[in-house]
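Chemist: here is a sequence with its predicted model. Questions after.
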Amino acid sequence: MEKNVLSRWEFSTIVNSMKPSAIESILKAIGDPEMISFGGGLPNPESFPVDDVKKVFDELITKSGRQMLQYGATEGLKSLSVAISKRMKQQLSINSDPSEIVQTTGSQEALYLLGKILANPGDYVISEAPTYLGAITAFRASGIRMIGVEMDQYGMKMDALRRTLKKYSHPKFIYVLPNFQNPTGISMNLERRKEFLEIISDEGIIALEDDPYGSLRFSGTQLPALKALDKNNNVIYMGTFSKVLAPGFRLGYTIAPPEIVDKMKLVKQALDLASSTISEYIAEGYLSGGYIDRWIPNVIELYRRKRDLMLKSLEEYLPSDVEFTRPDGGMFIWVTKKGANTDKMLEDAIKKKVLYVVGSEFYPDGDNHESMRINFTYSSDEKIVEGVRRLGKVFEGAGK
Ligand SMILES: Cc1ncc(COP(=O)(O)O)c(C=O)c1O
């Protein structure tokens, strides 16, 4: 018998049901210096407030070094929860007590925690289709079955949601991205937001509102968060410092009723005990010192320029039968050609040295191969223009 135990190991059913995403092959191709990647979802390093972070860090390590390097509370640094609660009130009219906030290791951890505490393996959860790939992965890791609801340019379609709720009558929750959705860049309009809240309260369902991009609005008027419109406390709100400060902090926050906060803490203790105290201290200094509000306009200006450049290049280089979204914020554009198969086109794209993420990756159930997600925040201006030119050639080649 083979002496090496791993060679005959049977991994758990859940991990066997998880598959590596296309992102992995994209990450491999990124190693090629000639490659232009619109595939990742990375913020531009120019958007990181390095000098401000240094200033805050230097002050804090001198003043509070011993606390900052210690383990922290599972729910996070109290003064940071106070600062987040205040900011949420000012920016989004969300009322919260600091005790209703759990800081997490990125909002990605919150997705995992919420999937784990709200649903049992085999339970159904509803999301937009397409939706954020990381949420699909996080929920599947708890054995959740995901059902996607069709979208149009105003977000999740409410008639489609009603039909889905008739078919799958007891979903555990609905996961939504109302602002500049990943992957489409689409925002849910006000009418839909209100109708959505009516539906969930009539049906007795909780909603998870994921809002990493809400502060990155380049055009149009701000829409109220679901959590701010919700009178019945049925919405759990997730935010993150990843796109307005830096993802290296690995710091997100969830605003939820106390019962949920307690359960999240239980599972978080099993996962990582607490998030990074260093990150929490710096984020607190960054918020309380007013640095964040002085810096965000710089990020918006940088990204608005890149979005405009990408839209202009798409108009110039893509064949006229290719459609694309025109997001008012966020980091992504969704490109669609009726009848195309972007999975098949990827090989040619890699040959032509441009990368995107195939749209099919973002559909929780079902097959849709007509779209691709492209990121406009990471690449230099020159690479945006050249990459879109190459993409145009890929589309031209696919028609032949
Ligand atoms: C929609 C959405 N939710 C959550 C996350 C996770 O972000 P983080 O864990 O860095 O807070 C991302 C990251 O790209 C995202 O796009």
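Modeler: Received the coordinates, thanks. Residues are numbered from 1 along each chain as shown.
Chemist: and the strands in the stretch 151-300 of the chain?
Modeler: If DSSP state E, counting those that start in this stretch is used as the criterion, the strands of the stretch 151-300 of the chain fall at 155-156, 173-176, 206-210, 235-240, 252-255.
Chemist: elements contacting the last one?
Modeler: The contact analysis (3 or more CB pairs under 8 Å, 6 or more residues apart in numbering; DSSP states H and E) places strand 252-255 against helix 78-92, strand 101-104, helix 106-118, strand 235-240. All C-beta atoms are positioned from the backbone trio N, CA, C, and that covers glycine.
Chemist: make it 10 Å
Modeler: If you count contacts as 3 or more CB pairs under 10 Å, 6 or more residues apart in numbering; DSSP states H and E, strand 252-255 packs onto helix 78-92, strand 101-104, helix 106-118, strand 206-210, strand 235-240, helix 258-271.
Chemist: picking that back up, any chance of the strands of the stretch 151-300 of the chain in JSON lines, with mean pLDDT too?
Modeler: JSON lines is the format used below for these (pLDDT from 0 to 100):
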{"stretch": "strand 155-156", "mean pLDDT": "98"}
{"stretch": "strand 173-176", "mean pLDDT": "98"}
{"stretch": "strand 206-210", "mean pLDDT": "98"}
{"stretch": "strand 235-240", "mean pLDDT": "98"}
{"stretch": "strand 252-255", "mean pLDDT": "98"}
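Chemist: and those: which comes nearest the ligand?
Modeler: Of all the strands of the stretch 151-300 of the chain, strand 235-240 sits nearest to the ligand, with 3.2 Å by CB to the nearest ligand atom.
Chemist: is it correct that residue 161 is in contact with residue 192?
Modeler: Yes: using CB atoms under 10 Å, residue 161 is in contact with residue 192, at 9.4 Å.
Chemist: quick check: neighbours shared by these two?
Modeler: residue 176 (CB atoms under 10 Å, 6 or more residues apart in numbering).
Chemist: and for the closest residue to residue 359 other than its chain neighbours, the neighbour number?
Modeler: If the residues on either side of it in the chain are set aside, residue 359 comes closest to residue 371, at 3.2 Å by CB to CB, 6 or more residues apart in numbering. Residues lying near residue 371 (other CB atoms under 10 Å) number 24.
Chemist: residue 371: what's it in contact with?
Modeler: 130, 183-184, 323-325, 334-337, 340, 342, 356-360, 362-363.
Chemist: ok, residue 92 touching residue 217?
Modeler: No: counting by CB under 10 Å, residue 92 sits too far from residue 217 to count as a contact (11.9 Å).
Chemist: show me which helix or strand of the protein is least confident by mean pLDDT.
Modeler: Within the chain, no helix or strand scores below helix 22-30, which has a mean of 67 by mean pLDDT, DSSP states H and E.
Chemist: and the helix or strand following that one, what does it pack onto?
Modeler: Next helix or strand after helix 22-30 toward the C-terminus (DSSP states H and E): strand 36-37. Packing contacts for strand 36-37, counted by 3+ CB pairs under 10 Å, 6+ apart, involve helix 22-30, strand 354-355, helix 381-398.
Chemist: can you put those in TSV and add distance to residue 54 and mean neighbour count?
Modeler: TSV is the format used below for those (distance: least, CB to CB, whole Å; neighbours: other CB atoms under 10 Å):
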stretch	distance to residue 54	mean neighbour count
helix 22-30	28	15
strand 354-355	33	26
helix 381-398	27	18
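Chemist: which residues of the stretch 201-350 of the chain lie near the ligand?
Modeler: 210, 212, 240, 242, 247, 252 (CB under 6 Å from any ligand atom).
Chemist: among these, which one is most surrounded by other residues?
Modeler: Most surrounded of those: other CB under 10 Å gives residue 210, at 29 neighbours.
Chemist: give the bridge partners for that residue, please.
Modeler: residue 238 (DSSP bridges).
Chemist: the residue in the stretch 51-200 of the chain that the ligand sits nearest to and residue 252, how far apart?
Modeler: Per CB to the nearest ligand atom, residue 106 is where the stretch 51-200 of the chain lies closest to the ligand, at 2.4 Å. Distance, residue 106 to residue 252, by CB to CB, to the nearest Å: 5 Å.
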